[in-house]
Structure formats: C-alpha cells, structure tokens
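>>> predicted structure and sequence below. I'll ask about it afterward.
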Amino acid sequence: MRASLAVSGSSVVLCVLLAACALKVVDLDPLEESGMSSVTPFGDVAVVEELYGVPDRWDDAGSYQRGLRQAMRTAQLFRRVSRPESLDFTPDLIVRGQVEGRFEYSGGLNFVTWFPGPFILMHNWRGNRYEYVTQAEIELIDARTETPVQHYQVQSRHRLIHRSGSPFPIFGAALIFPGIIRGSTNIGPRPLYRQEMYEQAYADLWHKVIEAIRAERTPYYAARHQERVDRCGDELNIRPVVGTLWSDFISCQTSGFYAREERDTPEGVKTIYTDGDAMLEIHVIDGRIVRWIVLERPTRRGPAPS
C-alpha cells in the first residue's frame, strides 16, 4: 500500500515539475438538487452494515466502498449513525445493501493516443480517458420487525482525463518501440488514476444515496412529527414523572428510547430504558415509571444504577 502511494505521489510530483500534465475527474451524471427543504437529523437511530462489494477486475476500491456510514454521519442524516456492534440496544433502522464499480475505457484509443498519436498531439488534446460506473442498491429496514421500509438504487458515472503537454511522447513515438511500450501501459488505468477516480466517484455516489433517502423520508418524518405535536400539545417532550404510564410518556417523545436491560426486583421485572444519546435513563416496572436519572456522561455499556 505504501509503495503504491509512493508511486502515485512520485507521478504527481513529476507532473508538477514538468508543468505538463492535467489530471481531472468529471462527473458525467451530476445530481440534480430537488430544492426540497428537510429537517435533519431525522429522529431515529440507524446502524449501517458493511456493504457487500461486487468484485471488480482491479479489486482495490474496498476502502472507498465502505464509506457510506461515515458519509451519513457527516451529513447528519439521522440523530445517530453507528456500527451494528457498537450499540447495546435495538436501533430503529438498519441500512444494508451492495455496491459495485467498474471501469469502462477505450483501450485501443488510449494506445493510439501514445502511439502514433503524439505526432498529432493526441496526448495533449485527448489524453488518457477512462470511465467509471458506480452503483449502489440500499435497503432501509425496520430493525424491530426486520421488514423492508424502502429500497434505493443509485448510479453514477465519472470520466477521468489525463492530458500531457510534454514533448517526450513525440520522441517516444518516433523511436517506435518506446512509443509502443507507452501505449500499452495506458490501455488500463494505472494505480494513480484508480485512486483519483475512487475518491471522487464514491464521494459523489454516497451523496446521491443520502439525498435519495433524505428526499424520500422527509415527508414521512414531517408527518410523524406533526401528528405528535397535534396529539400531545404541551405534553410534547416533557420530562418523565414517577408514576406516569410508560406508554403515555413515550408516545409524546420525539427522541427515541431503547430498552437496554431487564432486572428482576422484589417489585417485579424492571426494564431500564435509555435515550439514543445515553443521557437519560428511565426505570419502568409494570408499565409505570418508577425512577429516572440524568446521566453525567454518555454510557453505552455496563450496569445501570439500581
């Protein structure tokens, strides 16, 4: 890996020193912004499973194909986005699916660009060209019932163009053999090209996935919030009160609460709930609140106070 980065870095430095090359990635299928306003983060906790990657000829895009979870965190799509193993309670939603990417390139034209193309300056006005198609199929699943909530299919296409203004390809073509070697090495995308393409292509793909979820889920969460406001009035998001029915309390909370633990006590089975940020803990016996605690710091694991 270090050797590959070193080679890539050397190629970039050489381009800068010669002031003779231009490398860019073009989005051929940019996202059309819907203009829809949404209030995020949405009020649920989601876990994002590692996406299943469809093997490609190059098979080196793995780290980029695992970037959806971090992209959703950065976009603040849900109130909490986690790995499945990092939670000690059942979340609201599971995000799972598969992702694939494949290069499509004109190997013959890239060869001709470097032999005998330099005689007509093809390396300068055309250069190497590679297209990369990415596709993600994502499912949003209700974590409690394991039933699908929504399915999203998103695709993106990018083109990498690398032009050179150096005179050396002309000399190589004139000598024939060096020109043939140069042409053959540019039929497929070299590591530098692949790294540049992956970085841009998957960032754009995750942005499309996030915007697809945002556009589809916004009406649902807006309706859910308005229903609670209309039904609960001044009771919306009130502090817990000892003796209150748990069902009445939770029905007027916009923050999710999750059963973290159950304990046998002389009074009956005690269920301990915590909110998604682990800042509030509520103890319930026989369907009524018997105790509640404001936690000093987030506590994901370990026994709760008795």
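Here it is on my side, so go on. Residues are numbered from 1 along each chain as shown.

>>> hey, let's count contacts and neighbours off CA atoms from now on
Fine.

>>> and residue 254, what does it touch?
Counting by CA atoms under 8 Å, 6 or more residues apart in numbering, residue 254 touches 43, 225, 228, 236, 237.

>>> farthest pair within those residues?
Spatially, the most separated pair among these is 43 and 236, at 14.3 Å (CA to CA).

>>> just to revisit the earlier point, just the buried ones out of the contacts of residue 254, please.
The neighbour count (16 or more other CA atoms under 10 Å) marks 43, 228, 236, 237 as buried among the contacts of residue 254.

>>> centre-most residue in this structure?
By CA atoms, centre = their mean, the chain has its centre lying nearest to residue 68, at 1.6 Å.

>>> any idea how far residue 292 is from that residue?
36 Å (CA to CA, to the nearest Å).

>>> cool, residue 236 as well?
From residue 236 to residue 292 the distance is 18 Å (CA to CA).

>>> flag the shaky bits of the chain, pLDDT-wise.
Residue ranges of the chain with pLDDT under 70: 1-21, 34-37, 105-127, 162-188, 276, 278, 297-306.

>>> ranges for the strands of it?
Applying DSSP state E to the chain gives strands spanning 21-27, 42-48, 52-53, 78-82, 93-105, 128-142, 147-164, 257-265, 268-275, 280-285, 288-294.

>>> quick one: strands adjacent to the fifth one?
Each strand paired with strand 93-105, and its direction, by DSSP bridges: strand 42-48 (parallel), strand 52-53 (parallel), strand 128-142 (antiparallel).

>>> out of those strands, which comes closest to residue 87?
It's strand 42-48; of those, that one is closest to residue 87 (CA to CA) at 8.6 Å.

>>> what's the neighbour count on residue 42?
Residues within reach of residue 42, counting by other CA atoms under 10 Å, total 21.

>>> how much space separates it from residue 243?
30 Å.

>>> residue 52 is in contact with residue 68, isn't it?
No - here residue 52 does not reach residue 68: they are 11.7 Å apart, not a contact under CA atoms under 8 Å.

>>> could you pull up the residues touching residue 38?
Residue 38 makes contacts with 214, 215, 218, as judged by CA under 8 Å, 6+ apart.

>>> what is the burial count for the second one?
The reference is to residue 215. Residues contacting residue 215 under the criterion other CA under 10 Å number 16.

>>> rewinding a little: ranking the strands paired with strand 93-105 by burial, who's on top?
strand 42-48 (a mean of 22; mean count of other CA atoms under 10 Å).

>>> and that strand, C-alpha only, in CSV?
The C-alpha coordinates for strand 42-48 follow below in CSV (Å, rounded to 0.1, in the frame of the first residue of the first chain):
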residue,chain,number,x,y,z
PHE,A,42,-34.1,12.5,11.3
GLY,A,43,-35.1,11.4,14.8
ASP,A,44,-34.1,7.7,14.6
VAL,A,45,-31.0,5.7,15.3
ALA,A,46,-29.7,3.8,12.3
VAL,A,47,-27.0,1.2,12.0
VAL,A,48,-25.1,0.8,8.7
